[in-house]
Structures are given as C-alpha cells and as structure tokens.
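J.: Predicted structure and sequence below. I'll ask about it afterward.
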Amino acid sequence: MDWLTPAQVALMLSGIPLALVFGYLYLSSRESHLGLWTGAWFAYTAAAGTELAYSQSLVPSADVWFVVARMLNVACGLLLLAGTLVFLGRRTSRLWLVAAIAVAAWAAVAVFVLDSLFAAALPSVAFLGFAGIFTGAVWIRSHTGRQARIAGWVFVLWGLHMLNYPFLREVEWFAPAGFALGALFAYLVAFVVLIAHFDRIRASLSESERRYRGLFHKSRSVMLLVDPKDGRIVDANEAAERYYGWTLDELTSMYITDINMLSADEVRAEMTMATEEERSHFVFEHRRADGSVRDVEVYSGPAEVSGRRLLYSIIHDISDRRRAERELAEYKERLESLVEERTHELTGARERLETALHAKDAFLANMSHELRTPLNSIIGFSGLLAQELAGPLTEEQRRQIEMVQSSGAHLLALVNDLLDLTALDSGRTNPSLGVTDVCEVVRGFARRIEPMCAEKGLALVVSGCEPSDSRLLVTDCRFVEQILWNIVGNAIKFTDEGSIAIAIDSEPNGVAISVTDTGIGIEREDIDLVFEDFSQLDAVHGAKNLGTGLGLAISRRLAAMLDGHIEVDSEPGRGSTFTLHVVDHGRSRVEAASSDLVMEDM
C-alpha cells in the first residue's frame, strides 16, 4: 500500500499544529479543559507517529509499538471526552476510565498472548469511536448554542468514521479517502471546540463589560474615564452628568483640562503619576457648567477598557468639608489666641495671688507675737480680776469678766490654729523624727485631759497600753500629741455623757491610736466635711459649742506629713471613733534597706 505512508505522515503532521495551538492556549490561561484537550491532541499526534514508525519498521519490537499506538488512541478519546465534560461543567464518569484501562489491557493481551493485531485494534478503535459519539451527544444536549450543536454533530461523525477503521482500512479504493476524511474530521473537531472556547470567552467578556457598564453608568459616585495620552474624556456616568451639568455628548467632547482648574502641564503631570500608579489620591478644583468651582477629592488609576489603557476617576465633592476645615482652623487659631491670652491673665493672677499669700504668711509670722501678747495679757488680767485679787466683785461683774476671759481664750485658740495652718501650708513646718514611746505619749496625754473629762462627768478609758508597756517607733511625738489634742478636744466638746476611750493597737507598719466617744455622732455624708478648713460640727448639728473649724483640718495635714492617715467611723446619736494610723519610719527604712540588699544579691 504505497499510499499508507503518505497518509500516516499527513495524519501526524496535521496533529502537530493542533497540539501546539491547544498547548499555547493552555499555557496562556491554565484552564483545565484546555489542558485535557492539549493532551488529547498530543496523544492523537503520537498515535499517528507511532503507527508510522512500526509500519515502516523504523523501530524494533513492532508489536510493542502497535500496543502503544492503541493506548494512545484510547487516551485521545478519553481526554477529548473529559475536556468536554469539564468545559460544560459536568463530571466525568469513572466508567469511561475503567473502560479505557480495560481496552488498553486487552490490546496488550491480544498482541502478546493471542498474537492478533486485529483483535487488538478493534476495541481501541471502537473505544475512540464511541467516545467521540458520546462526546458529540454531550455537546448536543448541552443547549449552549448553535456552536455546541455543530461541535456535537462533528464529534458524532468523527466517531462513526472511527468505527469503520478496522473494516475499511484494507479496502484499497476507500482507504486513502478514509485517512483524508479522518484528518479532516480531526481538524473540524479541533476547530469547533476552539470556536466554543472563544465563544465562551467572548460571552464572558460581554458579560463583564455589561456589568462594568452597569456599575459605571448606574453608580451614584461621579465617575469619568480619561485617555491619559491627550486628556480627552472618553466616558462619563449619569452621576457625572448631574454633577457637572453637561450631557454625556458634551462631556465626551471635552478634555479634562476643561474641568480641572490646574494648568495643562500640571494636569499632565498628575495624570502621569496616576497612570504609573505613583499616586491614587488627588485633591483638585473642578469647574461646572454653571461656572461654579468646587473642591473635589479624586481617586484615579489605570484601567484596561476595550483594549485601551485609560484612567478611571472617582470624584467626591468635598467643598463643604473643606469649608468646615477652614472654619475649624480659624476657630482653632482664635481659640489658641484666647487660651494664650487667658493663660497670660491667669499667670498674672497666680503671681499676684502668690505675692498676696507670701505677704499674708509674712504678716501672720511677724504678727504672731504682737497678736498673742495682748491676748495673753487680756486673759491673764481677767483671770486676776476673776480671783478678786483687786477686790470683791458683784455677780454681774464676775459674769462679764468670765465672758471676757472665755472670749479671749477662744480668740487665742483661733489665732494659734490660723498660725499653725499657715505654717503647714507654707511648708515651714516639717516633722522631726525620733524614737518615741507611743504608750508614754498616750499615758501622759491621758493625765492631762483627765480633769477635762471629770469636769463634764465623762469616764476616761485607756486600753492597749498598761503602765509597764512600751511601744517604740520612729515618728514625731509633737505631731502625734497635737493630733490627739484636736481629736480628743472635739470628743469632749460634743459628748455630754458617757465616756471617752483611747486604745492602741499594733499594725504591720506602725500603730493605730483610736479615740471613741459616746457623743452626738456624725452623719455619713458629713464625715469628709469635718476635715475641711473652717468647717464646724456646730454648724452641721446646730450645737452651741464654739470652735475654729481648723482642728481636724490641721490634724489631717499633720498625719499626712507623717505618712499616716485618719479614719472615721460614726453613727448619729451613738458616737464616733477617730483612728490615727501612725507609721513607724524606722521600720519602713529597715524594710527598704533589706529590699535593696535582696535586689543586690539577685
């Protein structure tokens, strides 16, 4: 058969460009159906080449290459079917894979066991033919358009042609035409699947463009498409027509420089930065059809539209925001000026106040002797008069002299408290720490106040500090005594019957000295009030007792200077408990030194 060799060469050469075309498309897109079709056409080409090689005795072991050719035919049919199913979004049945394996195995058995080339060729060619017919049926039933139906019938005809291969190949008058017809069908199959593939791409692009048009033209944001080469406005959406006041035809006949208030060179420079993606956010001034100029914020970048590289621009009007920012900047500037002016005034007022306070402190410090001397004279001479050393007194004279003496004592206490408060606030009073026996301080203090308690019929109870007890700690005994005088003085003042109890308890960092009375008590909301300057329980409870209202305020300051504090627990009608927490500064220093030593050892 002199025609066989040219026919086989023609089949092989016809398959090579098909395999290369499909391979290029697959490498460009990496779509799986193109990969399967590429494999099918490589298998088709390799099968034709293998048949040429063993028929011309170009390779040893012709039987082996005959079996290889049959397997390649089976692979071609299976891959064409699988690619079609993937393209149409359907699943490949495992039955076809099992059948392909079975046919390939039968070809080997028929050649090497039965020694029958016909028995080996018949199932493989039948598989290829039935695969083509089934593939055609899948295309026809896909209902995806006229191209799919054409592809389906081409596959069916190619499959039917494959079925006559074992029977008509030996017919000399038909065989050449059969090989030519097979090559033609192969080209038609490749052609129609390529048409279907590109038709899908075209439909996808059309749908994408339709969505783009819908998003672009129906968007509520102002959008423009500009050609970066010359600045011509290529397209504009409906929001742009409404915003700028020009129709679409008018806008597309304009250049972006007709809208942007920058110079042409500046606009080109900005478009270059947007095209090269150096910047995407811009702030411009845009002119509208009515002549108004608005501040706009523009987000711009490159976009491929219908094969052209354009610039998309999304425009937001920020005129109101910019105006608000300018007003805010003006308000900020005015506020800073007002703050600076007010700060200057307050600085002057503070300096004047400090000057006045220094003058007040200096006055009180210098006048302390001048104030106390005449008061002590008044108290002393009135005391002499009350003792009738200058002669007998009538009852009215005695009463008036006692009033003078009481008022003088009250005024002296007020002066003393004022001077103490001034000294504390000015920083001139500092604690003098030393080793103090708190029990001895409390026992001595109790002896001094016992006559005052007895005068009002109050019992004085001291606990936690027996005559033989000693509690040594580092503190300022003068401060402790003054605090106790102020607290106990208030307790005696506001207790008409009952008792005054002083108790000492040990604490981890010092001692707690509590003073409990059975007096009128304090409302819970008034507890903080009694520690304020010039605040008096008299005013709170309407009592007749007199006081300066500075004792507890001074006591709190003194306790703080000793790193301690005063706690109050009171119930109206049942009495109050004031507890002074005194810190042992000697113990705190030892603990700090021990902590430093531990840190150094670590």
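T.: Great, that's in hand.
J.: would residue 310 count as being in a helix?
T.: No: checked against DSSP: H, G, I helix; E, B strand; the rest coil, residue 310 lies outside a helix; its state is strand.
J.: can you count the residues close to it?
T.: Per other CB atoms under 10 Å, the neighbour tally for residue 310 reads 20. All C-beta spots, glycine's among them, are computed from the backbone N, C-alpha and C.
J.: pLDDT below threshold where in the stretch 201-350 of the chain?
T.: Counting by pLDDT under 70, the stretch 201-350 of the chain shows no low-confidence range.
J.: For it, which segments count as strands?
T.: Here the stretch 201-350 of the chain has its strands, by DSSP state E, counting those that start in this stretch, at 222-226, 233-236, 281-287, 293-305, 308-317.
J.: so residue 514 is in which element?
T.: In the assignment (DSSP states H and E), residue 514 maps to strand 510-517.
J.: pLDDT of that strand, averaged?
T.: Averaged over strand 510-517, pLDDT sits at 93.
J.: which residues sit against it?
T.: Identification of contacts with strand 510-517 by CB atoms under 8 Å, 6 or more residues apart in numbering yields 438, 442, 471, 473, 475, 480, 484, 487-488, 491-492, 494-495, 498-506, 564, 575-584, 587.
J.: Can you flag the buried ones in those?
T.: Among the contacts of strand 510-517, those classed as buried by 16 or more other CB atoms under 10 Å are 438, 442, 471, 473, 475, 480, 484, 487-488, 491-492, 494-495, 498, 500-504, 564, 575-584.
J.: Among these, which are located in helices?
T.: Using DSSP state H, the members of the buried ones among the contacts of strand 510-517 that fall in helices are 438, 442, 480, 484, 487, 488, 491, 492.
J.: So the nearest residue to the second one once chain neighbours are set aside, which state does it fall into?
T.: If I follow you right, that is residue 442. Take residue 442 and drop its neighbours on the chain: the residue closest to it by CB to CB, 6 or more residues apart in numbering is residue 465, 5.4 Å away. Of the three states, residue 465 takes coil according to three-state DSSP.
J.: list the contacts for residue 465?
T.: 438, 439, 442, 443, 471, 504.
J.: make it 7 Å
T.: Going by CB atoms under 7 Å, 6 or more residues apart in numbering, residue 465 touches 439, 442, 443, 504.
J.: ok, now residue 383?
T.: Residue 383 neighbours (CB under 7 Å, 6+ apart): residue 405.
J.: and it, that one's in a helix?
T.: Yes: counting by three-state DSSP, residue 383 is part of a helix.
J.: distance between stretch 31-38 and the chain's centre?
T.: Between the centre of stretch 31-38 and the centre of its chain there are 46 Å (CA atoms, centre = their mean, to the nearest Å).
J.: got it, and stretch 482-499?
T.: Distance of stretch 482-499 from its chain centroid, counting by CA atoms, centre = their mean, is 59 Å.
J.: and if you look at stretch 401-408?
T.: Centroid separation for stretch 401-408 versus its chain: 74 Å, with CA atoms, centre = their mean.
J.: hang on, the earlier thing: what's the closest of the contacts of residue 465 to residue 241?
T.: Within those, the smallest distance to residue 241 is 92.2 Å, found for residue 504 (CB to CB).
J.: Tell me if I'm right that that closest one and residue 441 touch.
T.: No: in this structure residue 504 lies outside contact range of residue 441 using CB atoms under 7 Å: 9.7 Å.
J.: returning to what we had before: the strand holding residue 514: which residues count as buried?
T.: Result for strand 510-517 [16+ other CB under 10 Å]: buried residues 510, 511, 512, 513, 514, 515, 516, 517.
J.: No more questions from me, cheers.
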